[in-house]
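1. With the input below, show me the fold.
(chains A and B)
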There are 2 protein chains.
Amino acid sequence: MEANILISNCTIISMTAKGIIENGVIAIKNDEITYVGKQTTAPKITAEKLLDAQGKVAIPGLINCHTHLAMTLFRGIAEDQPLRTWLTDTIWPLEAKLQPKDVYSGALLGCLEMIKTGTTTLADMYYHEDQVAQAVEKAGLRAVLTQGTIEIGDPRIGEKTLKNSISFATKYHGYADGRVTTRLGPHAVYTCSQELLAKVRETASKLNLGIQIHLAESKEMMKQIRKEHNLGEVELLKKIGFLGSDVLAAHCIHLIKKEMKLLAMHNVKVAHNPVANMKLAQGTAKIKDLRDLGIVVGLGTDGPASNNTLDMFETMKVAALLQKLHYQDPTVLPAYTVLKMATIEAAKALGIENSIGSIEIGKKADILLIDFKTPHLTPLHNVYANIVYSAHGSDVHTVIANGKILMENREVETLNENEVIHKAQTTAFRLAAN
Amino acid sequence: MEANILISNCTIISMTAKGIIENGVIAIKNDEITYVGKQTTAPKITAEKLLDAQGKVAIPGLINCHTHLAMTLFRGIAEDQPLRTWLTDTIWPLEAKLQPKDVYSGALLGCLEMIKTGTTTLADMYYHEDQVAQAVEKAGLRAVLTQGTIEIGDPRIGEKTLKNSISFATKYHGYADGRVTTRLGPHAVYTCSQELLAKVRETASKLNLGIQIHLAESKEMMKQIRKEHNLGEVELLKKIGFLGSDVLAAHCIHLIKKEMKLLAMHNVKVAHNPVANMKLAQGTAKIKDLRDLGIVVGLGTDGPASNNTLDMFETMKVAALLQKLHYQDPTVLPAYTVLKMATIEAAKALGIENSIGSIEIGKKADILLIDFKTPHLTPLHNVYANIVYSAHGSDVHTVIANGKILMENREVETLNENEVIHKAQTTAFRLAAN
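-> Numbering: from 1, shown residues only, chains lettered A, B, ... in the order given. Got it, this is the predicted structure:
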């Protein structure tokens, strides 16, 4: 059997019914996984690139279901402030000044951080999204990208931003050898009219594109919507026929049982962002309740201005901690469930579970090797617990995406680390200074 | 001016009224800081060891106010379980089997992890604490150590464990060139009788030793105490004259206002362990309320079996997130306050703020250099926010404790990393297998 890359001697966390494979081998041909199994029963495999993974653990590349990559530029710029002040005094004025090239350098910094912390797929929503697509292409990552649509009371803005969203989505769907797919993305119920939301829904169905939206993030905005329409955000979306299995709703914090059931009934997917929700003091999404209703929940970091990192290992741990605290029950969201929410469940949330989210034959080769020979991952009583509760992005030794090595021994192959950091720093300072 | 170590070209986070010193130099002679200031106005300093800290940020060594180091051996061994099952089915039976040499190898692994994540001082409470003292001595760290006293209904056990605690405390106070100091440590109000607690208090005062105790951690135990004594845990301690400025109380989750005021009145110090409190679903300590009453609060990780790391950077971030969430206010516990709780306030909690907790002339030289040339610490809009919300233990480049370099460029100088990991792994497996 011939392969391009052969990984040997590793513990494989398959995230399939096969569970954990000790002393395993993984073969990769082009962009695909062509063999997964025990060393002892594997066929003879020859490969150009051999990776001896002794002492390492292979897991599927992590999937970040909600972020705004270019906001790396604003990391730390406005801290410990109320949400409204943060947005109106700092973030929005800065975003108004963003040029395409600025978004490119911010997104590239985000891609670099993701490679170094083991994320191989991201869902992003921002302005100048073509620049994000180009950064993702260069970095070698996989992404579901959305040029945001927003109205804020002015239908002309709504029309214009929807047009741009559609233009981006049709142009970039399948970009970068298929690593980039696209969606439409109305910002939120409180920033888009019902008419605009209905138009997005109709267009998405016609073009066979999914949708990303922020939902039930702010209690204040939820109240405003209910006052204006005498309906909750979810009921409003239901009324206009917006809900569907291709909708990924970020946050979903302030939902009552009736609204959760509506999401479940329409098979809407949820992106949970525990760190940002805590940092902005927005509240706790009831992830156990959502999952008990059969809703697919993936994890996300949200933008680096409200997190402030893109490290999915940290997000996994905080997700588990937060649910245990909320339900006053340490058995809620055990380690394996959390790891699913950053791999196979996250892939389902993005509708690409046939391509990624597990280590099995026929899937795209998106794989991490984690170095377990470190003090904080010793002893190895429970590999899932060590991954979720003890590991950190900096433990990722090797990153493979779409069959290509993006990082080996913590050296990034696709990007010049110093250049990317320097450019982003300069861009961020220029924006902050003006 | 002559020094042993000269750190130059760095941004100094002094944690004093001097704030941030850009382009700074720090001189170290023997175990002390002998100069701190701007490069431009510094005297001529010659030193045997020069550390060029270009691109790095110097902060005081972090202080972990509550842990059980040797429990690294049980990291991940019993996960996602109710507190009582976790203790009775796994932790207590394993602890009963612990031999002194096991505690030594677990504690040494903990020391290694702390050096690699930037902690230079720890407060520990466990069995066979002489072994922990020896591990700390070898690693080069600073520690406040306590051999635990526990009774569980049998006064003979109480007598015996108190005797051992006193014997340890008197023997090891000032050990390792003064890096180790000792305290007495009754486990908790619900595991020690009033008579025993009173005896501990009396002995501590006589010997001029401080006290560590677990307080108001479990709601269930709080209720039991109130039922038995018709008094809360804090009121009970007040009644027997236990409270004082030399008492460090870990957790303090379930306190009503009256109890908080009692702690404030007696100048009791608090060790807050946000990660373990969330993971075991015990609840949220009201840190803002405690601090508003003037109570000194330091941060801790708790034992690695309920965290599961010893990384104080992670603990700082989770502490901030948890308080913001609890008070529904993103302005609560801003980054600078959190950093104080892991440095100068933590030193106050341990009663050693004259020696450590800040970078200033005359203090012991406990200093970290953090590498800021990384994607997740770019851009540098706000150094405090980057340290608390974006940095991680793995960003620590150099660790100095008591004037000695413990780690440089992530190479630990005092311990053989592979040996320590291998020994702890073997020990942990043997304990789990029997």
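2. Test my guess that residue A:397 contacts residue A:367.
-> No. Using Cβ atoms under 8 Å as the test, residue A:397 is too far from residue A:367 to be in contact (11.4 Å). Quick note: C-beta positions are derived from backbone N, CA and C, even for glycine.
3. which of these two has more neighbours?
-> residue A:367 (29 against 21; other Cβ atoms under 10 Å in any protein chain shown).
4. quick one: contacts for that one?
-> Neighbour list for residue A:367: A:7, A:26, A:28, A:33, A:58, A:59, A:60, A:61, A:359, A:399, A:400 [criterion: Cβ atoms under 8 Å, 6 or more residues apart in numbering or on different chains].
5. Quick one: classify residue A:322 as helix, strand or coil.
-> Applying DSSP: H, G, I helix; E, B strand; the rest coil to residue A:322 yields a three-state assignment of helix.
6. just residue A:406 next, same as before
-> With three-state DSSP as the criterion, residue A:406 reads strand.
7. Provide the count of other residues in contact range of it.
-> 23.
8. what does residue A:153 give?
-> Residue A:153 has 8 neighbours, counted by other Cβ under 10 Å.
9. Same check on the one 10 residues further on?
-> Taking other Cβ under 10 Å as the neighbour definition, residue A:163 ends up with a count of 12.
10. in what helix or strand does it lie?
-> If you go by DSSP states H and E, residue A:163 is part of helix A:155-172.
11. and the next element down the chain from that helix?
-> Downstream of helix A:155-172, the first helix or strand assigned by DSSP H and E is strand A:180-186.
12. For the following helix or strand past that following strand, output the C-alpha coordinates as PDB.
-> Following strand A:180-186 in sequence order, the next helix or strand is helix A:194-207 (DSSP H and E). What follows is helix A:194-207, C-alpha atoms only, in PDB (Å, rounded to 0.1, in the frame of the first residue of the first chain):
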ATOM      1  CA  GLN A 194     -38.000  40.300   9.200                       C
ATOM      2  CA  GLU A 195     -38.100  41.100   5.500                       C
ATOM      3  CA  LEU A 196     -34.300  40.900   5.200                       C
ATOM      4  CA  LEU A 197     -34.200  37.700   7.200                       C
ATOM      5  CA  ALA A 198     -36.800  36.100   5.000                       C
ATOM      6  CA  LYS A 199     -34.800  37.100   1.900                       C
ATOM      7  CA  VAL A 200     -31.700  35.600   3.300                       C
ATOM      8  CA  ARG A 201     -33.500  32.300   4.000                       C
ATOM      9  CA  GLU A 202     -35.000  32.200   0.500                       C
ATOM     10  CA  THR A 203     -31.600  32.900  -1.200                       C
ATOM     11  CA  ALA A 204     -29.800  30.400   1.000                       C
ATOM     12  CA  SER A 205     -32.300  27.700   0.000                       C
ATOM     13  CA  LYS A 206     -32.100  28.600  -3.700                       C
ATOM     14  CA  LEU A 207     -28.300  28.600  -3.700                       C
END
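13. list the contacts for residue A:246?
-> A:204, A:209, A:210, A:211, A:351.
14. typo on my end, residue A:124
-> Contacts for residue A:124 (Cβ under 8 Å, 6+ apart) come out as A:67, A:68, A:69, A:107, A:132, A:143, A:144, A:145, A:146.
15. List the neighbouring strands of the helix or strand harbouring it plus their orientation.
-> Assigned by DSSP H and E, residue A:124 belongs to strand A:119-126. When pairing is defined by DSSP bridges, strand A:119-126 lines up against strand A:62-67 (parallel), strand A:142-149 (parallel).
16. to the chain's geometric centre, what's the distance from the shortest one?
-> Taking Cα atoms, centre = their mean, to the nearest Å, one finds the center of strand A:62-67 at 1 Å from the center of the full chain.
17. how about the helix holding residue A:163: buried residues?
-> For helix A:155-172, burial by neighbour count (16 or more other Cβ atoms under 10 Å in any protein chain shown) applies to A:157, A:158, A:161, A:162, A:164, A:165, A:166, A:168, A:169, A:172.
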